[in-house]
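Participant: I would like the atomic coordinates for the input below:
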Amino acid sequence: MKKIVLATQNRHKVREIKKLLRGLGIKVLTLDCFPGAPEVVEDGKTLEENAAKKARETALYTDSWALADDTGLEVKYLGGKPGVYSARWAGPGCSYHDNNVKLLRELKNARGEKRKAVFKCVMALSDPSGKVKLAKGGISGVITENIRGKNGFGYDPVFYIRKYRKTFAEMPLGLKNRISHRGRALGKAKKLIMQRLAHSG
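Facilitator: The predicted model follows:
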């Protein structure tokens, strides 16, 4: 494995993942390096299905190792929603802000423990033939009553970690990467990558 393609065009995810993969001696590429790469339709019913599909299709198209993720926010009061639909919960073409506004509106009558939520991430690593292995991570938090912080993306401004008394959007990137759902899943995926490097070496 000399290179790996990140199966996303989300520049925020690319930034986080590249930082966490630094030092492995692998060239990290993005889909921008492959003009004409087809957009993968995320029609899976679970985070696992979507992540695996993105990694597999990207690996087959690029003939390279590929790493993909799918992330979901599950809110207790909403019965686990938005879940697999987190990125597009406010509708087609919605922005991060649109999703946050909808979430706060849905929780306007929820107080205390009812605002508990879990952020989950599934990382999928595919070899060039399309064989996939999964790594998962999660973190518990609480949904704030207002948007807080200017860092991060997605639901970061409303996802509050009691231990640090901050939302993800109020944290420096280094801290967020260390404790976040994506950081935890990627830490496990990194071990899979290192195992492959050792095997190929």
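Participant: Find the centremost residue of the protein, please.
Facilitator: By Cα atoms, centre = their mean, the mean C-alpha position of the chain lies nearest to T71, the distance being 4.2 Å.
Participant: which SSE is it in?
Facilitator: If you go by DSSP states H and E, T71 is part of strand 65-75.
Participant: That strand - which strands sit beside it in the sheet, and in what orientation?
Facilitator: Looking at strand 65-75 with DSSP bridges, its partner strands are strand 3-6 (parallel), strand 82-83 (antiparallel), strand 116-126 (antiparallel).
Participant: can I get these in TSV with mean pLDDT, distance to G25 and mean neighbour count?
Facilitator: All C-beta atoms are positioned from the backbone trio N, CA, C, and that covers glycine. Listed next are those as TSV, based on pLDDT from 0 to 100; distance: least, Cβ to Cβ, whole Å; neighbours: other Cβ atoms under 10 Å:
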stretch	mean pLDDT	distance to G25	mean neighbour count
strand 3-6	92	11	22
strand 82-83	96	36	18
strand 116-126	96	17	23
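Participant: Any idea which of those strands gets closest to R22?
Facilitator: Closest approach to R22 among the strands paired with strand 65-75 is made by strand 3-6 (12.5 Å; Cβ to Cβ).
Participant: and for the closest one, what are the contacting residues?
Facilitator: For strand 3-6, contacts defined as Cβ atoms under 8 Å, 6 or more residues apart in numbering pick out 13-14, 17-18, 21, 26-31, 33-34, 58-59, 62, 64-68, 193.
Participant: Quick one: distance of it to the chain centre.
Facilitator: 16 Å (Cα atoms, centre = their mean, to the nearest Å).
Participant: packing partners for the lengthiest helix in the chain?
Facilitator: Assignment by DSSP state H gives helix 181-200 as the longest helix of the chain. In terms of contacts (3 or more Cβ pairs under 8 Å, 6 or more residues apart in numbering; DSSP states H and E), helix 181-200 is packed against helix 11-21, strand 65-75, strand 116-126, strand 132-143.
Participant: Buried residues, it. List them.
Facilitator: For helix 181-200, burial by neighbour count (16 or more other Cβ atoms under 10 Å) applies to H181, R182, G183, R184, A185, L186, A189, K190, I193, R196.
Participant: so how far is that helix from its chain's centroid?
Facilitator: Put simply, helix 181-200 sits 15 Å off its chain's centre (Cα atoms, centre = their mean).
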